[in-house]
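Student: Build the 3D model from these lines:
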Amino acid sequence: MSTHQNFAALAEALPKLSHPDGSPIRALVVDDEAVLADLVAMGLRMCNWDVRISHDGLDAVEQARTYAPDVLVLDWMLPGIEGDEVLARIRQHFPEVPCLFLTAKDSVEDRITGLVRGGDDYVTKPFAIEEVLLRLHRLVERSGAAYADSAELVVGDLSMNVETREVTRGGDDIDLTATQFELLRYLMENPKVVLTRGQILDNVWHYDFAGQANIVELYISYLRKKIDAGREPMIHTVRGVGYVLKPAV
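Tutor: Reported below is the predicted structural model:
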């Protein structure tokens, strides 16, 4: 599947976010690597977000003052001033704006530093663009800045209402625990996309289960018993890679 097709599939699966007045979500993407900034911007625009791009820390601060972004994507190492200083200056004007750091710094210490210095999320390069889009979507949802036109996720005959937390397949109610619900939600937000165990751990459990690598396999088995039992399977294992959810044939 091409990058454009992946973007389209993800944009279709995610609830459409906008401001209560119908205006689009505003994202400021700041990265001195133009190709990466353009890639993130393209994905967000396919979700009907309004996007501004900056390649310089000082320019990003100036743009933010008039643009009033709903979310920031910041590279850590930027010309002019670094990402954490960019964030600090922007939050002098917009103290609640959420921020995702996008950086090549990938040690545990770097991640902790990024969060301590105000980041709400942290993704290391190289990255899967689909993961970045999903994380930004969730940041905006949690910030309360957006209104979701639809709380419904649908893949084949499987439906989920993320507000009422109701799940059905073929009209039959499916009862899920909180963690099972979040795992299924992540799968449904990425239909037909192969998700690695690491991506699932990071997005559902939000940290690495060191020494418990089988936690993903365990919860996938729980979901299969509830989603696929007695039906054509929707949850598939991609050997050596991870898992994918797709409509039953």
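Student: Touching, L39 and I129? I think so.
Tutor: Yes: look at L39 against I129 with Cβ atoms under 8 Å: they come within range, at 5.7 Å. Quick note: C-beta positions are derived from backbone N, CA and C, even for glycine.
Student: hang on, P98 packs against D120?
Tutor: Yes: the pair P98 / D120 is scored as a contact, 4.5 Å apart, by Cβ under 8 Å.
Student: what do the two both touch?
Tutor: Jointly contacting P98 and D120 under the rule Cβ atoms under 8 Å, 6 or more residues apart in numbering are L139.
Student: Now do the phi/psi pair for H236.
Tutor: According to degrees, to the nearest 10, the main-chain angles of H236 amount to phi -120, psi 140.
Student: does the residue nearest to it when sequence neighbours are not counted sit in a helix, a strand or a coil?
Tutor: Of all residues not flanking H236 in the chain, V244 sits nearest, at 5.2 Å (Cβ to Cβ, 6 or more residues apart in numbering). Following DSSP: H, G, I helix; E, B strand; the rest coil, we place V244 in the strand state.
Student: And the pLDDT at V244?
Tutor: Looking at V244, its pLDDT reads 93.
Student: what's the span of stretch 24-36, first residue to last?
Tutor: 22 Å (Cα to Cα, to the nearest Å).
Student: What of stretch 222-236?
Tutor: One end of stretch 222-236 to the other measures 13 Å (Cα to Cα).
Student: quick one: buried residues of that stretch?
Tutor: For stretch 222-236, a neighbour-count test (16 or more other Cβ atoms under 10 Å) marks 223-224, 227-228, 234-235 as buried.
Student: try stretch 239-249
Tutor: Applying 16+ other Cβ under 10 Å to stretch 239-249 flags 242-246 as buried.
Student: quick one: that stretch to chain centroid distance?
Tutor: Relative to its parent chain, stretch 239-249 has a centroid offset of 19 Å by Cα atoms, centre = their mean, to the nearest Å.
Student: Equivalent analysis for stretch 33-44, please.
Tutor: Counting by Cα atoms, centre = their mean, stretch 33-44 is centred 15 Å from the centre of its parent chain.
Student: Pick out the most distant pair among the buried residues of stretch 239-249.
Tutor: Spatial extent of those (Cβ to Cβ) is set by the pair G242 and K246 at 13.3 Å.
Student: How is this structure divided into domains?
Tutor: Structural domains annotated on the chain: 3-148, 152-245, as defined by the TED database.
Student: In three-state terms, label the residue lying closest to G156 once chain neighbours are set aside for me.
Tutor: Nearest residue to G156, sequence neighbours excluded (Cβ to Cβ, 6+ apart): P247, at 3.0 Å. Three-state assignment for P247 (three-state DSSP): coil.
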